[in-house]
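Peer 1: when you get a sec, could you give me coordinates for this:
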Amino acid sequence: MMAQTKMLMGTVVEYKELMMMYACAIKEVRTKFDVLNTEFKIRYQRNPISSISTRLKRTASITDKLERQNFPFSLESIEKNVNDVAGIRVICSYIDDIYTIAEAFLRQDDVTLIAQKDYIAHPKPNGYRSLHLIISIPVFFADRKKDMKVEVQIRTIAMDFWASLEHQLKYKQEIPNQPEIISQLKECAEIINATDEKMLDIRHQIEEIADAPTEEDILLEKLSKLDLAVDV
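Peer 2: Next up, the predicted model:
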């Protein structure tokens, strides 16, 4: 009995350490996006990233996912079969910002792309849109370096608004007219996407109308913003 208890306690400690590693991987990835956003702010006087949120998958959700896919619950199984234990969501202002930020992020030589799903170019049947990246990143600990998987979701403010409400409504029970609700949600997704595209078009129109700055104008603009606060 004592041996079994020690084994169980050892497994619990190892699981806790694994979750700590995933949490540290989230910090590494978040820092990369924070750096990119700061760079864009200083170089182009515009923040492509509106907000960043993170989450660590709960034990119950991990267990449920493994069971649904007929995988055993073990540390090795979690690392091999669950790609979204660590998650980070990056919210951008415009559709083109999504791809600009994603490309800059993936160009970094310590980021390895494992899988990519573009639900913006190819939305889910319910209307869901977002760019999903499964990446691996090395995390340095006191006694080792370990490659950790992180799921990155990049979407616009409008896409996130729709996804958040759709997620809430999806878990409402006993909806008598569910097909009609699903149809209306998909219609809303199309309207939101049209709004995203229109806002991007308006931004492009404004940029085209503005007189192209000379080298002197650019230098003066940069000098005027020399003391612009840098996030630290």
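Peer 1: when you work out contacts or count neighbours from here on, use the C-alpha atoms and nothing else.
Peer 2: Noted.
Peer 1: quick one: buried residues of stretch 113-131?
Peer 2: Neighbour counts using 16 or more other C-alpha atoms under 10 Å place Tyr119, Ile120, Pro123, Gly127, Tyr128, Arg129, Ser130, Leu131 of stretch 113-131 among the buried residues.
Peer 1: turn the residues you listed into TSV, columns for secondary structure.
Peer 2: Conversion of the buried residues of stretch 113-131 to TSV gives the following (DSSP: H, G, I helix; E, B strand; the rest coil):
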residue	secondary structure
Tyr119	coil
Ile120	coil
Pro123	coil
Gly127	coil
Tyr128	coil
Arg129	coil
Ser130	coil
Leu131	strand
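Peer 1: grab the longest strand from this protein for me.
Peer 2: With secondary structure taken from DSSP state E, the chain has its longest strand at strand 145-156.
Peer 1: how near is Asp118 to Asn70?
Peer 2: When distance is defined by C-alpha to C-alpha, to the nearest Å, Asp118 is 27 Å away from Asn70.
Peer 1: give the other helices and strands that the longest helix anywhere in the chain contacts.
Peer 2: In the chain, assigned by DSSP state H, the helix with the most residues is helix 2-44. With contacts taken as 3 or more C-alpha pairs under 8 Å, 6 or more residues apart in numbering; DSSP states H and E, helix 2-44 sits against strand 49-56, helix 75-81, strand 86-92, helix 95-106, strand 131-140, strand 145-156.
Peer 1: now that helix, how far from the centre of its chain.
Peer 2: 15 Å (C-alpha atoms, centre = their mean, to the nearest Å).
Peer 1: and it with helix 95-106, angle?
Peer 2: If you take axes from the mean of the first three to the mean of the last three C-alpha atoms, to 10 degrees, helix 2-44 sits at 120 degrees to helix 95-106.
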